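K.L.:
curious how this folds, go ahead:
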Amino acid sequence: MGDPGPVAGDADSDDAGFAEGDLEEVIELEGPEADDALADEIDEIDLGNYGDGYQGDEGAEGDMEMMTDDADVVFSKHIGSVFCIGLDRTTQSLAVTGGEDDKAYVWRLGDGEVLMECGGHKDSVTCACFSHNSALVATGDMGGLVKAWDVNSREQVWEFEVSDLEWLDWHMAAPVLFAGTVDGDVWMWKVPSGDCKTFQGHGCQSTAGKVMPDGKRLSVGYEDGTVKVWDLKQGAALHTFSGHQGHTGAVTCMDCHHDNVLVMSGATDGTARIWNSAAGKCVSGYTTGPETGGDEDANSVEAVGLSNSQPLAAVGSLNGTLGVWDIPTGVQRHKCSHPGGIVRLAWAESGYLLYTSCLDGVTRIWDSRTGATVQQLTGHSEEILDMAVSRDGNVVLTSSGDNTARVFNLQKPER
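P.N.:
The predicted model follows:
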């Protein structure tokens with residue numbers, strides 16, 4: 001595997017920083033001024049166009065084996081469920097998957113050829129994602145071991161161990177990685193140097209997180225239903241959303257609008273909320289409807305999304321309901337039913353299409369103007385656990401409890 005590179009110290013150590021200036025340079029610092037150097041460098045990142053908008057203050061699951069397989073590539077190297085899948089952000093030609101077998105793989109979309117096996121994990125790999133320039137891959141297991149890998153050299157370059165891991169997310173313009181844990185802390189590392197900063201929790205799990213498009217703030221959801229917007233430079237919470245306008249169940253999912261103002265969250269209590277991160281208030285709230293059975297989690301919201309091209313929000317629930325809402329008016333435009341619970345959704349980066357993946361093993365593409373199904377992608381024999389969609393919307397990746405990941409190309413002539 002080669003030299004694993006710098007390995008950080010124990011999780012109880014003080015925040016370590018790196019010097020002012022270019023993020024790519026690693027300069028050793030000593031003394032108090034080092035504590036906030038990582039945050040200072042985040043503040044100096046050239047984000048290009050990022051941040052321009054921020055102003056400041058019926059079938060059943062048992063029928064899956066009867067479906068045809070629409071996939072162009074089936075990746076079947078994992079032994080056990082494939083919990084997560086990610087698409088490289090630059091070439092859109094590589095995938096990374098993590099699974100129950102304590103392994104992650106980086107592989108080619110075109111033919112499923114493995115480029116790198118990411119081993120050494122102690123538990124199921126539940127998080128795997130590419131960095132902003134696809135030079136690095138981060139993998140994290142349930143036990144809290146987080147690793148980073150160089151895609152070109154195919155070697156591990158860094159690792160760190162935290163408490164049980166809940167989520168990972170890369171910065172969109174720098175090799176900076178974020179993680180949320182069951183003890184409520186959120187970690188920020190520069191990779192591969194390992195310089196770090198922590199954002200202290202308030203006694204409950206950090207269950208979801210998303211770096212905001214301005215690259216200077218982080219939205220985090222917690223087990224008690226709280227949502228916080230953190231300032232990465234100051235290390236302070238700019239806004240804390242809780243109480244009567246907030247969630248009463250654990251936050252499960254988040255999304256941030258490209259305008260850098262709106263933040264959306266979904267929770268196990270069956271609600272979704274849109275927050276104004278500049279004004280610090282709730283803009284609107286949505287519910288997924290009455291329970292369809294006796295299970296108190298039947299309405300849990302597992303996926304939310306804000307359209308970049310229309311003033312629309314989407315909410316996907318375990319009760320199989322996809323709601324499409326008009327943000328300015330709060331009116332529900334469409335209610336789309338699925339025969340299985342929705343676990344992931346994604347808007348097309350431009351246009352009107354909306355993608356959902358479900359526990360019935362099917363991915364569906366919807367027309368948000370009409371609420372009609374445009375296409376169904378079948379092939380999995382068990383529930384879908386994760387999904388990724390290419391920037392142009394023409395490639396869909398899914399991972400499943402059937403031990404496989406699948407690649408669907410939507411522009412094949414026969415379709």
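
K.L.:
the closest residue to T268 other than its chain neighbours: what secondary structure?
P.N.:
Distances taken as CB to CB, 6 or more residues apart in numbering put G249 closest to T268, at 3.5 Å, once the chain neighbours are dropped. All C-beta atoms are positioned from the backbone trio N, CA, C, and that covers glycine. With DSSP: H, G, I helix; E, B strand; the rest coil as the basis, the three-state label of G249 is coil.

K.L.:
contacting residues for G249?
P.N.:
225, 267-271, 300 (CB atoms under 8 Å, 6 or more residues apart in numbering).

K.L.:
need the residues you listed in TSV (columns: neighbour count and secondary structure).
P.N.:
Listed next are these as TSV, based on neighbours: other CB atoms under 10 Å; DSSP: H, G, I helix; E, B strand; the rest coil:
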residue	neighbour count	secondary structure
G225	23	coil
A267	27	strand
T268	21	coil
D269	21	coil
G270	26	coil
T271	22	strand
S300	22	coil
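
K.L.:
so can I have CSV of those showing distance to A372 and pLDDT?
P.N.:
Below are the contacts of G249 laid out as CSV (distance: CB to CB, whole Å; pLDDT from 0 to 100):
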residue, distance to A372, pLDDT
G225, 34, 97
A267, 29, 97
T268, 30, 97
D269, 30, 95
G270, 25, 96
T271, 26, 96
S300, 26, 97
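
K.L.:
so where is the stretch 1-150 of the chain shaky, pLDDT-wise?
P.N.:
Low-confidence segments of the stretch 1-150 of the chain (pLDDT under 70): 1-36, 39, 42-43, 46-67.

K.L.:
where along it do the strands fall?
P.N.:
Using DSSP state E, counting those that start in this stretch, the strands of the stretch 1-150 of the chain run over 73-75, 82-87, 94-99, 104-108, 114-118, 125-130, 136-141, 145-150.

K.L.:
same thing with the stretch 251-400 of the chain?
P.N.:
For the stretch 251-400 of the chain, the strands defined by DSSP E, counting those that start in this stretch cover 251-256, 262-267, 271-276, 281-287, 301-306, 312-317, 321-326, 332-337, 342-347, 353-358, 363-367, 372-377, 384-389, 395-400.

K.L.:
which one of those strands lies nearest to H244?
P.N.:
For these, the distance to H244 is smallest for strand 281-287, at 9.5 Å, taking CB to CB.

K.L.:
partners of the closest one, with directions?
P.N.:
Strand 281-287 has the following strand partners under DSSP bridges: strand 271-276 (antiparallel).

K.L.:
how far does the partner strand sit from the chain's center?
P.N.:
Here strand 271-276 is found 17 Å from its chain centre; the criterion is CA atoms, centre = their mean, to the nearest Å.

K.L.:
which residues touch that strand?
P.N.:
Outside of strand 271-276, the residues within contact range by CB under 8 Å, 6+ apart are 227, 229, 239, 241, 245-249, 261-266, 281-288, 301, 304, 306, 313, 315, 327.

K.L.:
OK, contacts around M254?
P.N.:
Contacts of M254 (CB under 8 Å, 6+ apart): 208-210, 219-221, 227, 263-266, 304.

K.L.:
what residue lies at the spatial centre of the protein?
P.N.:
Nearest to the mean C-alpha position of the chain, by CA atoms, centre = their mean, lies D169 at 6.4 Å.

K.L.:
what helices or strands is whichever strand or helix holds that residue leaning on?
P.N.:
Element membership of D169 [criterion: DSSP states H and E] is strand 165-170. Contacting strand 165-170 under the criterion 3 or more CB pairs under 8 Å, 6 or more residues apart in numbering; DSSP states H and E are the following elements: strand 125-130, strand 136-141, strand 145-150, strand 176-181, strand 206-211.

K.L.:
angle of the fourth one against strand 145-150?
P.N.:
So the one you mean is strand 176-181. Put simply, strand 176-181 runs at 160 degrees to strand 145-150, going by axes from the mean of the first three to the mean of the last three CA atoms, to 10 degrees.

K.L.:
list the contacts for the closest residue to L306 other than its chain neighbours?
P.N.:
Among residues not flanking L306 along the chain, H257 sits closest, at 4.5 Å (CB to CB, 6+ apart). Residues counted as contacts of H257 (CB under 8 Å, 6+ apart) are 213, 263-264, 306, 308.

K.L.:
select only the buried ones of these in PyMOL?
P.N.:
Buried members of the contacts of H257, defined by 16 or more other CB atoms under 10 Å, are picked up in PyMOL with:
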select buried, resi 213+263+264+306
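
K.L.:
need the strands of the stretch 1-150 of the chain in a markdown table (columns: mean neighbour count and distance to V331).
P.N.:
Formatted as a markdown table, the strands of the stretch 1-150 of the chain follow (neighbours: other CB atoms under 10 Å; distance: least, CB to CB, whole Å):
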| stretch | mean neighbour count | distance to V331 |
| --- | --- | --- |
| strand 73-75 | 19 | 40 |
| strand 82-87 | 25 | 33 |
| strand 94-99 | 26 | 38 |
| strand 104-108 | 23 | 42 |
| strand 114-118 | 17 | 46 |
| strand 125-130 | 25 | 35 |
| strand 136-141 | 26 | 39 |
| strand 145-150 | 23 | 42 |
